[in-house]
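Enquirer: this one's structure only:
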């Protein structure tokens, strides 16, 4: 819908952006009325947790190092996904001469496939015990890394469409499993803090990654950005393997 609207009103029209703004404004009362306030619950729960007064123990230091490894290992593939969805995909579509409607079709196909997999396939696999959270997260990161490497080698329309399945796997796993894995790995009293750090790291990537990618593309070209995406994924996989092997 967004692509067809842009094709109809033109790339310089403010209508698509205004339409997005209206949708978000309409969501404000919906969110305020349907989502419960959690500040009171969080405050009462925090009041029951004793404050630490002693110096950190070796076990506490080791646990925090493992948490940091997990945070970095989850954040790097997410940064790669942010770069792809926010920057390199649109620039490649422009380079290929795609109209906005074709890019919109690609995004819609991506969203439809990843949504269906997230609703039915991934929950079934995880519940069945065929794969663990960590294994599924590694598969998601590897899928995006392979897709990025393929586009770095050959940024063509054929390769982009061929990578749609890999991108679908990556979206479905990278956007849900880091929070699940972090929650299970953290102590109950620290889960809020760990998830907050994970969310903060993702938010920082959404601000920083597109800007750095733009500078990289200006300096070295679009293929270098796809290569950087692949590198982020595979470094993240290596860090997650180190985290899994480290003693608890």
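Expert: Great, that's in hand. Quick caveat, the model's predicted, so the values are computed rather than measured.

Enquirer: Could you pull up the mean pLDDT of the helix or strand that contains residue 240?
Expert: Secondary structure assigned from DSSP states H and E places residue 240 in helix 222-245. Average pLDDT, helix 222-245: 95.

Enquirer: what helices or strands is it leaning on?
Expert: Here helix 222-245 touches helix 58-83, helix 89-95, helix 133-153, helix 191-220, going by 3 or more Cβ pairs under 8 Å, 6 or more residues apart in numbering; DSSP states H and E. To be clear about C-beta, it is placed using only N, CA and C from the backbone, and glycine gets the same treatment.

Enquirer: how near is residue 75 to residue 215?
Expert: 20 Å (Cβ to Cβ, to the nearest Å).

Enquirer: quick one: which of these two has more around it?
Expert: A side-by-side neighbour count of residue 75 and residue 215, using other Cβ atoms under 10 Å, places residue 75 first with 22 against 10.

Enquirer: give the contact list for that one.
Expert: Contacts for residue 75 were tallied using Cβ atoms under 8 Å, 6 or more residues apart in numbering; they are 178, 198, 201-202, 205, 236.

Enquirer: okay, which residue is most central for this structure?
Expert: By Cα atoms, centre = their mean, the chain has its centre lying nearest to residue 78, at 3.7 Å.

Enquirer: List the contacts of that residue.
Expert: Taking Cβ under 8 Å, 6+ apart, we find residue 78 in contact with 174-175, 178, 201-202, 205.

Enquirer: Averaging pLDDT per element, find the lowest-scoring helix or strand in the protein.
Expert: Here the helix or strand of the chain ranked lowest by mean pLDDT, DSSP states H and E is helix 39-48, holding a mean of 53.
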